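> how does the following fold in three dimensions:
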Amino acid sequence: MARHLERIRQLDPETEYTEIYRISSQYEFPWDTTQALGFALYRTYAVPSIGRLLAQTGEFTARTQKRYDDTVLILEAVVEHGFDSEQGREAVRRMNRMHRRYEITNEDFVYVLSTFVVVPKRWLDEFGWRPYSPVEVRASVNYYRELGRRMGLRDVPETYQEFERLLDGYERAHFAFDRGGRDVSDATLDLTASWYPRPLGAAMRYASLCLLDDPLREAFGYPRPPAALRFAARAGMRLRGRFVRLLPPRRRPSLARDGRQVRGYPNGYRISELGTFEDGRPGGCPFPHAQAEDPPGAHS
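Numbers count the residues shown, from 1 in each chain. Purely as a prediction, here's the structure:
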């Protein structure tokens with residue numbers, strides 16, 4: 001079914017990338033986008049300089065649910081409202097002010113950005129009810145290039161192919177076991193299990209391990225699941241995609257804040273109050289970055 005693809009093809013990915021990305025992530029592939037971005041963030045824990053730092057902050061091991069909620073809600077605000085909206089500008093400001101509390105290289109941060117571009121496309125290629133169209137791929141690239149610009153990043157790739165080469169090369173060079181990264185990985189898998197009734201939660205945790213590629217799994221030090229279980233987990237995901245293809249087009253946007261996985265704000269929230277603060281309030285952004293002041297564009 002064409003669903004919203006006809007509308008997407010009428011938009012220009014060079015100038016209307018935010019609208020294209022919003023339609024794709026909130027109408028066409030809401031569940032897949034959430035899962036793929038979760039796996040994108042998860043991959044970064046296998047880079048020791050990232051995983052170790054996240055473990056040292058204690059946020060992803062002691063307050064994993066809040067950490068997840070804040071990350072999802074901040075990123076969703078930009079997608080939902082746009083970079084130049086009041087909400088979008090506040091979300092970027094919130095990220096930038098959290099980033100400057102820590103040290104991380106520009107190279108690590110650009111790698112993180114590359115996971116947001118590459119992992120969702122690869123996820124949809126394998127598990128989606130359809131793959132991204134070329135317009136959606138280009139829009140995703142431009143969307144995250146703009147996010148990178150507003151976060152003050154340098155040397156951000158210009159094309160999908162450049163993002164893909166960066167991701168693959170960076171992971172070959174940097175994936176390695178680190179105790180901190182493993183602790184953050186365990187906490188994340190435990191959080192995933194907590195979203196389901198106990199017996200099903202354990203099964204979902206194991207299914208997540210079955211979806212990991214070998215370099216990622218080995219970097220965390222997890223044993224290889226039996227081949228039959230890996231095949232079954234991936235086949236089940238592909239079967240879900242075939243089922244979703246038969247459903248009618250979504251009439252309203254699907255927002256992560258309305259789902260059962262975001263649990264920390266039953267009475268609502270303000271973007272300005274999400275994350276970590278200098279006074280020690282809990283929460284936080286997943287990828288700290290040292291900067292002396294808000295990057296250019298953060299207030300625009």
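
> ok, W123 touching W31?
No - using C-beta atoms under 8 Å, W123 is not in contact with W31; the gap is 10.7 Å. All C-beta atoms are positioned from the backbone trio N, CA, C, and that covers glycine.

> which of these two has more neighbours?
Between W123 and W31, counting by other C-beta atoms under 10 Å, W123 is the more crowded of the two (23 against 13).

> which stretches of the stretch 201-300 of the chain form helices?
214-220, 227-244 (DSSP state H, counting those that start in this stretch).

> include mean pLDDT and distance to A139 when you put those helices into a markdown table, please.
What follows is these, written out as a markdown table (pLDDT from 0 to 100; distance: least, C-beta to C-beta, whole Å):
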| stretch | mean pLDDT | distance to A139 |
| --- | --- | --- |
| helix 214-220 | 97 | 27 |
| helix 227-244 | 96 | 21 |
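
> which one of these is the most hemmed in?
With neighbours defined as mean count of other C-beta atoms under 10 Å, the helices of the stretch 201-300 of the chain peak in mean count at helix 214-220, which reaches a mean of 17.

> T188 reaches Y45, doesn't it?
Yes - using C-beta under 8 Å, T188 is in contact with Y45, at 7.4 Å.

> ok, those two, which is more surrounded?
For T188 versus Y45, neighbours defined as other C-beta under 10 Å are more numerous around Y45 (27 against 22).

> buried ones in the helix or strand where R172 lies?
Assigned by DSSP states H and E, R172 belongs to helix 160-174. Neighbour counts using 16 or more other C-beta atoms under 10 Å place 160, 163-164, 166-167, 170-171, 174 of helix 160-174 among the buried residues.

> what does stretch 174-189 give?
In terms of neighbour count (16+ other C-beta under 10 Å), stretch 174-189 has its buried residues at 174-175, 178, 180-189.

> the residue of the chain most remote from its centre and T57, how far apart?
No residue in the chain sits farther from the centre than A228, which is 28.2 Å out by C-alpha atoms, centre = their mean. Per C-beta to C-beta, to the nearest Å, A228 is found 39 Å from T57.

> what packs against the helix-or-strand element of the chain with minimal mean pLDDT?
Sorted by mean pLDDT, DSSP states H and E, the helices and strands of the chain end with helix 59-62, the least confident at a mean of 76. Packing contacts for helix 59-62, counted by 3 or more C-beta pairs under 8 Å, 6 or more residues apart in numbering; DSSP states H and E, involve helix 64-81, helix 179-194.

> now do the same contact list for the residue nearest the centre of the chain.
Centrality entry for the chain: nearest residue to the mean C-alpha point is L37, 2.7 Å, by C-alpha atoms, centre = their mean. Applying C-beta atoms under 8 Å, 6 or more residues apart in numbering to L37 gives the contacts 75, 116, 119-120.

> hmm, back to that, check contacts around the residue farthest from the centre of the chain.
So A228 contacts nothing (C-beta under 8 Å, 6+ apart).

> what residues of the least confident helix or strand of the chain count as buried?
59-61.

> which non-adjacent residue is nearest W31?
S254 (7.4 Å; C-beta to C-beta, 6 or more residues apart in numbering).

> ramachandran angles for that neighbour?
With angles defined as degrees, to the nearest 10, S254 sits at phi -100, psi 120.

> likewise for Y132?
Y132 adopts backbone torsions of phi -60, psi 140, taken as degrees, to the nearest 10.

> residues touching it, list them.
Counting by C-beta under 8 Å, 6+ apart, Y132 makes contact with 24, 120-121, 124-125, 140.
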